[in-house]
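> Quick one, what's the 3D model for this:
(one chain, ligands or ions: 1)
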Amino acid sequence: MSKGHDRHHERHHGLSLYGKDLVRRCSSHCELCDAHGVKLSIYEVPPIPIEPDLAHCTMICDLCLQQIEKPKLRDNNHWRCLNYSIWSEVPAVKVLAVAMLNKLAAEERWAVELQEQLYLENDTLEWLAKVELP
Ligand SMILES: [Zn+2]
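Predicted structure coming up:
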């Protein structure tokens, strides 16, 4: 087995320790679109720390995850959920939501309007500057 594989395994194990905390935090709802009763996975908001860090973790559904990772599959209407998630009190969720909003603003007027309402703290802006989504 390669070292890379081991490291991946350890990381996965490290993240799984956060599972319970995350499920409690999101009360089993997708932290981006609020979907309930669906499978949720941990998504680490970039830049991904060397050691797994709860502060970088979000719990999101497969639909959100797939559309973040594969822009070609993106259904812009799904992302109207950002109306709520950009106001999240969880910094990682907020950063991820705003990063997606910035992507959508290139194509959607409603996203631009939402951007205009947004007020971001300096530490959110600093983090956001380091986030690059596909
Ligand atoms: Zn979702």
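
> Specify the local secondary structure of Pro46.
coil (DSSP: H, G, I helix; E, B strand; the rest coil).

> which residues does it contact?
Residues in contact with Pro46 (Cβ atoms under 8 Å, 6 or more residues apart in numbering) are 130-133. Yep, even glycine has a C-beta here, placed from its N, CA and C like the rest.

> Pull up the residues of the chain that are close to the ion.
Applying Cβ under 5 Å from the ion, we find that the chain lies next to the ion at 30, 32-33, 35, 61, 64.

> Kindly indicate the member of the residues you listed with the most neighbours.
Neighbour counts for the residues of the chain next to the ion were taken using other Cβ atoms under 10 Å; the highest belongs to Leu32, with 29 neighbours.

> tell me the pLDDT at Ser16?
At Ser16 the predicted local distance difference test score is 82.

> could the residues of the chain next to the ion go into TSV alongside pLDDT?
Formatted as TSV, the residues of the chain next to the ion follow (pLDDT from 0 to 100):
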residue	pLDDT
Cys30	98
Leu32	98
Cys33	98
Ala35	98
Cys61	98
Cys64	98
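
> Sort out for me which of the residues you listed are in strands.
Where the residues of the chain next to the ion overlap with strands, as defined by DSSP state E, the overlap consists of Cys61.

> Format the residues of the chain next to the ion as CSV; extra columns: distance to Leu120.
What follows is these, written out as CSV (distance: Cβ to Cβ, whole Å):
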residue, distance to Leu120
Cys30, 22
Leu32, 17
Cys33, 21
Ala35, 25
Cys61, 25
Cys64, 21
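
> ok, the residues of the chain next to the ion vs Arg74, which is closest?
Nearest to Arg74 out of those is Cys64 (Cβ to Cβ; 10.4 Å).

> what's near enough to touch that closest one?
When contacts are counted by Cβ under 8 Å, 6+ apart, Cys64 touches 30, 32-33, 35, 43, 78.

> Which residue, neighbours along the chain excluded, lies closest to it?
With sequence-adjacent residues excluded and distances taken as Cβ to Cβ, 6 or more residues apart in numbering, Cys64 is closest to Leu32, at 4.6 Å.
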